[in-house]
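# Fold the stuff below for me.
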Amino acid sequence: MPALTLHHRFWPQGQPFSLEYPERSLYGNLLESARRRPGHPMLVFYGATISYGEGLAIVDRMAGFLQRECGVGRGDRVLLYMQNSPQSILSCYAILRADAMVVPVNPMLLGDEVVHIASDSGARVAFVAEELAAHVVPAALDHVVLIRYRDCIADPPAPRTPAAVLAEPVAGASGLAALSSAMPVTRIVRWTDALAAGAEPAPALAGPDDLAVLPYSSGTTGKPKGCIHTHRTAMATAYMHLRWSDWGEAPVILATLPLFHVTGMQSNMNAPILVGATIVMIQRWDREAAADLIESMKISSWTCITTMATDLLSMPGIDKRDLSSLRRLGGGGAAMPAAVAARLQSLTGLEYIEGYGMTETIAPTHLNPNARPKRQCAGVPLFDVDARVIDPDTLSERGVGESGEIVVHAPQVFLGYWNNPRATEAAFIEIEGKRFLRTGDIGHYDDEGYFFITDRLKRMINAAGYKVWPAEVEAMMYAHPDILEACVIAARDERRGETVKAIVVVRPERRDQVSGDSVAAWCRERMAAYKAPRIVEIVDSLPRSASGKIMWRELQERELRAVPGPC
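The predicted structure is shown next:
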């Protein structure tokens, strides 16, 4: 059997190897689901329920506001900067209904990180949670729609509703005036007022090849890059999700992954809306709330990362909880430890289905077959995915068990990096007349066609599923007035797998006044929590090559030798 089809022996029963994908926009999925079952619950958030019919009406009205009041047109980019909430999904689909492009922003990003995405994408309009509004003040925005989470919860609130959701507006009458003063050229309007001012949107124009989503992926050059996805590329993985697994007749999804991230976006939003599922949301991870909802809402599908699963299993009394409604359990981002997977299986009767994907592929290119998964394995190539392993230097193709760089040709592969043709060109190679994405991940496939990730060609730190790019962190650290040089590497972390460590050289005259703790504190004020170095080591000098480059790999290997164990 040819190497490219070895895995076909373990294909989901009754499924073809190639799919015919819906030829419509992502908004079209919501429209179809609302027409089929308008009264069916679409979103459940701390006791409040929004049906598909209600959700569609909100999306259409907000799209009309974007078009008529904000001047949003076809292909325009609109920022989405908030925690998981009904507004995050409804705003996303309103942007799509307005024929515009969603720019999801990690709510953990701060200040300059947010401004870079706003500036690079050219976005002039943003949906922003009130507690994050201060971070968009320096951005050149024309319109900001302020989100308050409590506008979409039950009255009285459900048990375990977090304080962050219950919070009164941080921008009350005086606060809103102060925010308006800080952003004098920006029109600021609350979500509820925007809905009230909304109207019937113009006819929908966006089709499969229109711009849809611009998620930002960090990289080796120090600044995050926007990954261009169309409705077609995003539809591909949403549809693949549904065809690969048995979702059941009336799936109920527990959405705990952040929706700004492509895995959460596809498995917790776009695929469920395509099938008309109920999406049960929590704002941020809370193991007690998750266990309560699995029981009370009869959750059938849960996509999570390793740290969430580990945290749930460590909860006192978890063995006595009724988790029997679950029929799908899986995720990605980092390999699931065998011991945790075994405990999950004992508790739920389900194997944790691992997968592999990138921001550039808007979630998975590989998943394990549900009937025959392998642990700590990326899985097999999905429908229409041509995945190969090549020598990263010679580009020659490798065989069974031979290590090399994984490359993929697939319908979900992005078009390229936003306004960055050089990076786009470097990301692709041609094999047999087809355009393949270079993933930068080192791995191999076994004699059954299952792929395993074993190393990285790129400098990258995987902190509990969050990808951290050392060059980006280093670039931000050089803004510290006392830092002469910085090198960022991965350090082992029992809970997160890896964490960020910075090795820095400070100005000689400031050596006695600067500590590792003070540098770490400075970083926490300016970077997302998962990026900020948790460990800062101050040294006299960094090792350099003959050409003067900092030898980061030597420092990384030294760190791994000093603290043995899996990383």
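# in the stretch 51-200 of the chain, which spans are strands?
77-81, 101-105, 125-129, 143-147, 187-190 (DSSP state E, counting those that start in this stretch).
# Of all the residues in the last one, which ones are buried?
Of the residues in strand 187-190, those buried under the neighbour-count criterion (16 or more other C-beta atoms under 10 Å) are 188-190. (Glycine included, C-beta is placed from N, CA and C.)
# got any ranges where the stretch 401-550 of the chain has weak pLDDT?
Filtered on pLDDT under 70, the stretch 401-550 of the chain yields the residue ranges 545-549.
# The chain too?
Applying pLDDT under 70 to the chain flags residues 1-3, 169-175, 218-222, 545-549, 563-567.
# count of neighbours near the nearest residue to residue 333 once chain neighbours are set aside?
In this structure, residue 333 finds its nearest non-sequential neighbour in residue 465, 3.0 Å apart by C-beta to C-beta, 6 or more residues apart in numbering. Look at residue 465: counted by other C-beta atoms under 10 Å, it has 21 neighbours.
# Pretty sure residue 465 sits against residue 309.
No - Residue 465 lies out of contact with residue 309 (C-beta atoms under 8 Å); the separation is 11.0 Å.
# about what we covered before: from the buried residues of strand 187-190, which single one is nearest residue 150?
Checking the buried residues of strand 187-190 against residue 150 with C-beta to C-beta, the nearest one is residue 190 at 12.1 Å.
# thinking that closest one is in contact with residue 129, fair?
No - at 11.7 Å, residue 190 does not count as touching residue 129 under the criterion of C-beta under 8 Å.
# Mind listing the shared neighbours of these two?
Common contact partners of residue 190 and residue 129 (C-beta atoms under 8 Å, 6 or more residues apart in numbering): 146, 148.
# list the contacts for residue 246?
327-328, 370.
# err, residue 26, not the other one
93, 96, 212, 231, 234-235, 238, 270, 273.
# what do you get for residue 209?
Contacts of residue 209 (C-beta under 8 Å, 6+ apart): 230-232.
# so how far is residue 419 from it?
19 Å (C-beta to C-beta, to the nearest Å).
# sec struct for the nearest residue to residue 298 once chain neighbours are set aside, please.
In space, and not counting its chain neighbours, residue 298 is closest to residue 325: 4.1 Å by C-beta to C-beta, 6+ apart. What DSSP: H, G, I helix; E, B strand; the rest coil gives for residue 325 is coil.
# The one 10 residues further on now?
Taking three-state DSSP as the rule, one finds residue 335 in the coil state.
# doesn't residue 368 make contact with it?
No - Residue 335 lies out of contact with residue 368 (C-beta under 8 Å); the separation is 11.9 Å.
# okay, and the common contacts of the two?
Both residue 335 and residue 368 are contacted by residue 354, under the criterion C-beta under 8 Å, 6+ apart.
# More neighbours: the two, which one.
residue 368 (24 against 19).
# you'd agree that one is up against residue 381?
No - in this structure, residue 368 is not within contact of residue 381 by C-beta under 8 Å, at 11.4 Å.
# about what we covered before: from the contacts of residue 209, pick the one nearest residue 526.
Lowest distance from residue 526 to those (C-beta to C-beta) belongs to residue 230, with 33.8 Å.
# how about the closest one, phi and psi?
Main-chain torsions, residue 230, degrees, to the nearest 10: phi -100, psi 170.
# Leaving out chain neighbours, which residue sits closest to residue 495?
Spatial nearest neighbour of residue 495, excluding adjacent residues (C-beta to C-beta, 6+ apart): residue 307 at 6.6 Å.
# That neighbour against residue 493, yeah?
No - in this structure, residue 307 is not within contact of residue 493 by C-beta under 8 Å, at 10.3 Å.
# May I ask you to name the longest helix in the chain?
Under DSSP state H, the helix in the chain containing the largest number of residues is helix 52-70.
# Check the offset of that one from the chain's centre.
Counting by C-alpha atoms, centre = their mean, to the nearest Å, helix 52-70 is centred 25 Å from the centre of its parent chain.
# tell me what it is packed against?
Here helix 52-70 touches helix 26-36, strand 41-45, helix 86-97, helix 191-197, going by 3 or more C-beta pairs under 8 Å, 6 or more residues apart in numbering; DSSP states H and E.
# Show me what the third one is packed up against.
Pointing back at helix 86-97 there. Counting contacts by 3+ C-beta pairs under 8 Å, 6+ apart, helix 86-97 is packed against helix 26-36, strand 41-45, strand 48-51, helix 52-70, strand 77-81, strand 101-105, strand 125-129, strand 143-147.
# Tell me which residues are up against that helix.
25-27, 30, 43, 45, 48, 50, 55, 58-60, 62-63, 65-66, 72, 78, 80, 82, 101-102, 104, 127, 145, 147, 149, 151-152, 191, 201, 204, 206, 212, 231, 259, 269, 273, 279, 281.
# Buried subset of the residues you listed, written for PyMOL?
PyMOL command restricting the contacts of helix 86-97 to the buried ones, with burial defined by 16+ other C-beta under 10 Å:
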select buried, resi 25+26+27+30+43+45+48+50+55+58+59+60+62+63+65+66+72+78+80+82+101+102+104+127+145+147+149+152+191+201+204+206+212+231+259+269+273+279+281
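# related to what we said a few turns ago, just the buried residues of strand 187-190 now: which is nearest residue 410?
residue 189 (40.3 Å).
# Identify the residues contacting the residue nearest to the closest one when sequence neighbours are not counted.
Take residue 189 and drop its neighbours on the chain: the residue closest to it by C-beta to C-beta, 6+ apart is residue 145, 5.8 Å away. With contacts defined as C-beta under 8 Å, 6+ apart, the neighbours of residue 145 are 91, 125-128, 189-191, 194.
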